[in-house]
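Student: A structural model of the following input is requested.
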Amino acid sequence: MYYTLLRAGSVLFQLISLLIFVNVIFSWIRPNRDNPIVQIIYNMTEPILEPLRRITIFGPMDFSPLLALILIDFVVEPVYRLILGMIFL
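Tutor: Numbering: from 1, shown residues only. Purely as a prediction, here's the structure:
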């Protein structure tokens, strides 16, 4: 059970990271916002990125995706692993 949850969490964090990366690409190419796939990606990433934008916009540069990826890799995933370890080991 521990390894299943560990792997599921890892896949989830990788998926979120991929969606954030796609969101960044979308900001460069400006796809049609009415496209259902674009809407799904924005709806999944904006709740993560919007709070970070308050502290990471410097002029025209938005560093919220970078901060989100750093937080996922170095804070959220290790805390998730720690909590699973405390519960199952």
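Student: Just checking, which helix or strand of this protein averages the lowest pLDDT?
Tutor: Sorted by mean pLDDT, DSSP states H and E, the helices and strands of the chain end with strand 57-58, the least confident at a mean of 85.
Student: and that strand, which strands flank it?
Tutor: In the sheet containing strand 57-58, its partner strands are strand 61-62 (antiparallel), by DSSP bridges.
Student: average model confidence for the partner strand?
Tutor: In this model, strand 61-62 has a mean pLDDT of 90.
Student: ranges for the helices of this protein?
Tutor: Assigned by DSSP state H, the chain shows helices spanning 2-29, 36-56, 64-71, 77-88.
Student: tell me the most buried of those?
Tutor: Per-residue neighbour counts averaged over each of the helices of the chain give the maximum for helix 64-71, namely a mean of 17 (mean count of other C-beta atoms under 10 Å). Every residue, glycine included, has its C-beta placed from N, CA and C.
Student: so it versus helix 77-88, what angle?
Tutor: 30 degrees (axes from the mean of the first three to the mean of the last three C-alpha atoms, to 10 degrees).
Student: What is helix 64-71 packed up against?
Tutor: In terms of contacts (3 or more C-beta pairs under 8 Å, 6 or more residues apart in numbering; DSSP states H and E), helix 64-71 is packed against helix 2-29, helix 36-56.
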